[in-house]
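1. Pasting a predicted model and its sequence here:
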Amino acid sequence: MSYYRDLREFVALLEARGKLWRYSEPIDKDTELIPFHRLQLRGLLDQDRRAILFERPVNARGTQYPMSVLTGVYGGSTEIHALGLGCESTSELNERWHQALTAPVDPVIVSGGPVHEVVHTGDDLKKAGLEAIPSPLEEPGYSGMIRTGTPMLTRDPVTRTRNVAAFNAFFRSRDRMVGGFGPFRQSFQHFLGYRKRGEPCPVAVVVGSLPSLMAASSANVPRDMDEYAAAGGLVGEPMELVRCKTVDLEVPATAELVIEGYFEPDVMEVRTPFGEYPGFINTSWDQCPVIKVTAITHRKDPMFTPILVGFTPSDTNILSGHAQAGLLYHQLKYVHNLPVVGVECPESAGGSQMAVIRMEQGSHDRAWEVLEHAPKHIGSKWIVAVDEDIYPAEPELLIWALTYSIHSPEEAVRYHRRWGAGLDPSGAPPDGRGGEVSPLTVGLINAVRPWSYPPVALPAQEYMERARTLWERTPGAPQLNLRAPWHGYELGYWPQEYAELARLMAQGEFMEVGEQLLEYQTPLTDKLAEEMTH
């Protein structure tokens, strides 16, 4: 069978299979919506979880949005993720990634598509703009932002090579966003390349794309590979693209919504606390590029698709875990010709910080050969070789603790030096006392938190309690079996300024937060740009 024409066709399949829940009552996007969705992530088994279409999101004043919110459609469960790539079983995913890397399918440009059914520019942006998009607050009580976490498109100004990566775009006003990526990302290099030429760097954020693009943009595919082509290779069909209305970029013709704009060349702005994949609130306060929005285009009655990060399970950990596992599987089995039958990256370890490699029966004498190759292709903190009949089913909280409550397993029998993930709180205290993140090793060690951590990346208890009340009085809602932790809680590091930002965000005042954060904007000089990349 052919692949889905658009996200709506996939949603129809999920509904036909009992994997979609339509929620028709009004629900507050800043205090209720994500806590409601989180209840099933913490209270239901993977096979019982569904994507949820919130048909009537409202703000704190009760104003209804002209869009719906669709949660969990990319990584609400492993089954939903597999179905999104046209697979009937997750066991097919390793081979799909091998297919994407060896047989990419280039996209095609078409003259028009549904994503341009409605176009907002100029005065439309000043009147409503990003404020008309129901981006939900993800961890009310702790989040200091609302965002997209979907594919962000930039292009090299010289080679014209595209980069489509799943980066955050933080909303700050009706026509201002902050791009959540660091200096060593391709998109930042594109930004600097345009800046050196004295030209504005175009950017486009894609919301509600096909699952194939969401998967490809979540993977560390080779730098010279077009993620649009990788998405085509995953499903064996080319992706159809249309040219943007105000910038020189191409976006999926059937996407639900696209935000177009340019990076401001001479200013940076901080990113505020939000849940990240290790399972804690990220409090890095890093300076990131600022985006001036020039257009918002969308389909009629569009669906906004938030990508949850934070405490497991989450969309990001499922998307990233299967992508990184597939890429490592391709390298070990097909490039190095090693006796490997499968690779899995448990979602509880962030989808990337642990890799479990299943070896062919009778190949135990080659296990260390496999383990020596693996660190060249994946930045995991733990890499484990197991027999063919062993599947990674460790308790999630044990994995969580082993992954993020240690720093440097120096006593490992064998280990490789590597640079730790910058978002891993075991690398340095969140208040900056530890300076630069020091080298880590692949290995295992006793897990005790070395210092105060930021809060667990789940909505605070009061919001989860409110969502549980909504859930329990909703006809047809499945019986919950909540697992600890099912709400966020503090672990010793939560400054008052972050708490105040979180309070404002829970009241729907993202623009007030945006105004306050203007104080923290800093000039981007040529000297600073040079320092950031060295």
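-> Received it, and whenever you're ready, just let me know what you need.

2. name the element L517 belongs to?
-> Using DSSP states H and E, L517 sits in helix 510-517.

3. Which neighbours in the sheet does whichever helix or strand comes after that helix have, and how are they oriented?
-> Following helix 510-517 in sequence order, the next helix or strand is strand 522-523 (DSSP H and E). Strand 522-523 has the following strand partners under DSSP bridges: strand 257-270 (antiparallel).

4. Can you give me the buried ones in the helix holding L517?
-> Under the neighbour-count criterion of 16 or more other C-beta atoms under 10 Å, helix 510-517 has 510-511, 513-514, 517 buried. Yep, even glycine has a C-beta here, placed from its N, CA and C like the rest.

5. got it, and stretch 329-342?
-> Quick answer for stretch 329-342 (16+ other C-beta under 10 Å): 329-333, 338-342.

6. what residue ranges in the stretch 151-300 of the chain score low on pLDDT?
-> Nowhere does the stretch 151-300 of the chain drop to pLDDT under 70.

7. what are the ranges of the helices in it?
-> For the stretch 151-300 of the chain, the helices defined by DSSP state H, counting those that start in this stretch occupy 186-196, 211-217, 227-235.

8. C87 and E95 touch, don't they?
-> No. Look at C87 against E95 with C-beta atoms under 8 Å: they stay out of range, at 9.3 Å.

9. Go ahead and flag the most central residue of the chain.
-> The residue lying closest to the centre of the chain (C-alpha atoms, centre = their mean) is T316, at 4.2 Å.

10. nearest residue to that one other than its sequence neighbours?
-> Using C-beta to C-beta, 6 or more residues apart in numbering and skipping residues adjacent in sequence, the residue nearest T316 is V309, 4.5 Å away.

11. And the pLDDT for that neighbour?
-> Listed pLDDT for V309 reads 88.

12. Tell me how far it lies from S320.
-> Shown here: V309 relative to S320, a distance of 10 Å by C-beta to C-beta, to the nearest Å.

13. shared neighbours, the two?
-> Jointly contacting V309 and S320 under the rule C-beta atoms under 8 Å, 6 or more residues apart in numbering are Y277.

14. show me what contacts the residue lying closest to T254 once chain neighbours are set aside?
-> Spatially, and ignoring its direct neighbours in sequence, T254 is nearest to D6 (3.6 Å; C-beta to C-beta, 6+ apart). Residues counted as contacts of D6 (C-beta under 8 Å, 6+ apart) are 114, 210, 254.

15. What's the PyMOL syntax to select whichever of those are buried?
-> The buried residues among the contacts of D6 can be selected in PyMOL (16+ other C-beta under 10 Å) with this line:
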select buried, resi 114+210+254
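
16. mind giving me JSON lines with the contacts of D6 and columns for distance to T294?
-> Converted to JSON lines, the contacts of D6 look like this (distance: C-beta to C-beta, whole Å):
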{"residue": "P114", "distance to T294": "20"}
{"residue": "L210", "distance to T294": "25"}
{"residue": "T254", "distance to T294": "22"}
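
17. and of the contacts of D6, the nearest to E240?
-> T254 (7.0 Å; C-beta to C-beta).

18. roughly how far apart are that closest one and H116?
-> 11 Å.

19. Where do the strands of the stretch 1-150 of the chain begin and end?
-> With DSSP state E, counting those that start in this stretch as the criterion, the stretch 1-150 of the chain has strands at 20-23, 27-28, 51-54, 57-58, 68-71, 108-109, 118-120, 147-148.

20. circling back to that earlier point, need the phi and psi values for the residue nearest to T254.
-> Reported as degrees, to the nearest 10, the phi and psi values for D6 are phi -160, psi 180.

21. ditto for L504
-> Dihedral angles for L504 - degrees, to the nearest 10 - are phi -60, psi -40.

22. residues in contact with it?
-> Counted by C-beta under 8 Å, 6+ apart, L504 has contacts 510, 512-513.

23. repeat for P136
-> 29-30, 33-34, 57, 69, 146, 306.

24. circling back: quick one: list the elements packing against the helix holding L517.
-> Secondary-structure packing of helix 510-517 (3 or more C-beta pairs under 8 Å, 6 or more residues apart in numbering; DSSP states H and E): strand 168-173, helix 496-506.

25. from these, which stretch is densest packed?
-> Of the helices and strands packed on helix 510-517, the one with the most neighbours on average (mean count of other C-beta atoms under 10 Å) is strand 168-173, at a mean of 23.
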